[in-house]
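Novice: task: produce atomic coordinates for the following.
(chains A, B and C)
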Amino acid sequence: MLLDKSFFERDTLTVAQQLIGCHLVRRIDDQIIRVAITETEAYKGSEDPASHASRGVTERNRLMFGDAGIMYVYFIYGMHCCMNIVAHRPNEVGAVLLRGGEVVEGIGLIRANRGEGIADHLLLNGPGKLAKALGINLEWNGYDLLQETHNSIWLEYKEPIRPIRSTPRIGISKAVDLPWRYLYE
DNA sequence: TTCTCGATATTCT
DNA sequence: GAATATCGAGAAA
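Specialist: Numbers count the residues shown, from 1 in each chain, chains lettered A, B, ... in the order given. Here you go, the predicted structure:
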């Protein structure tokens, strides 16, 4: 089942949790990469000090203030892209960072994007790695995941296959006590 | 296994 | 000019 707008127009924390287990599918020409999402983080509201949105609208973060279901991709540490999905209640602010996944289909294409000789469990265990494995770069910023023609990337709902837990978020220095990271036990 | 550290560019102060 | 929603290599253990 494809995820629709009502899925993303909910509380950012709820969406982050519900995305665990869902399949992220990428089509390149006639080849398919299918990844099960295993780790997410919520960046909710303009008052979350760890969020890009905490200092108001800027050229980079403006999508977080806009429609839910849009991809928000940003460049970080001079070399990596991170892939988010805008998700929040109407007229609110927030996005979910996709931090990790496991391969369901398309291992060959993933290795081609990530480099040969990488152990399976290291292919998708980080936001920069996930984006690179799927061939996601800054050109994807603003892509509408809800559009009718799901030609190149889309999301399908799946039940989680294991219990989910929450922990503090990774790589931040502010609001480190908020347990807004979700992943499998 | 856990750690430290350098690379690198965009964004914001 | 400083910080950053990271990664991988290499050392220590």
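
Novice: what sits against A:R111?
Specialist: Applying Cβ atoms under 8 Å, 6 or more residues apart in numbering to A:R111 gives the contacts A:I118, A:L123. No exception for glycine: its C-beta is placed from N, CA and C like everyone else's.

Novice: what strand or helix carries it?
Specialist: According to DSSP states H and E, A:R111 maps onto helix A:107-114.

Novice: beta partners of the residue lying closest to A:L134 once chain neighbours are set aside?
Specialist: Closest residue to A:L134 apart from its sequence neighbours, by Cβ to Cβ, 6 or more residues apart in numbering: A:R26 at 4.8 Å. Per DSSP bridges, the residues bridged to A:R26 are A:I33, A:I153.

Novice: for the closest residue to DNA strand C within chain A, helix, strand, or coil?
Specialist: Residue nearest to DNA strand C within chain A: A:G171 (1.6 Å; Cβ to the nearest atom of the strand). Secondary structure for A:G171, judged by DSSP: H, G, I helix; E, B strand; the rest coil, is coil.

Novice: quick check: it vs A:A36, distance?
Specialist: A:G171 sits 23 Å away from A:A36, going by Cβ to Cβ, to the nearest Å.

Novice: and for A:I107?
Specialist: With distances taken as Cβ to Cβ, A:I107 is found 13 Å from A:A36.

Novice: of the two, which one has the most company?
Specialist: A:A36 (21 against 13; other Cβ atoms under 10 Å).

Novice: isn't the more buried one right up against A:L19?
Specialist: No - counting by Cβ atoms under 8 Å, A:A36 sits too far from A:L19 to count as a contact (10.4 Å).

Novice: ok, the most centrally placed residue in chain A - contacts?
Specialist: Nearest to the mean C-alpha position of chain A, by Cα atoms, centre = their mean, lies A:L98 at 2.6 Å. By Cβ under 8 Å, 6+ apart, A:L98 lies in contact with A:L19, A:L24, A:I37, A:E39, A:T40, A:M83, A:N84, A:I85, A:P127, A:L130.

Novice: any idea which of the residues you listed is the one closest to A:I136?
Specialist: A:M83 (5.2 Å; Cβ to Cβ).

Novice: what score does the closest one have for pLDDT?
Specialist: For A:M83, the pLDDT comes out at 98.
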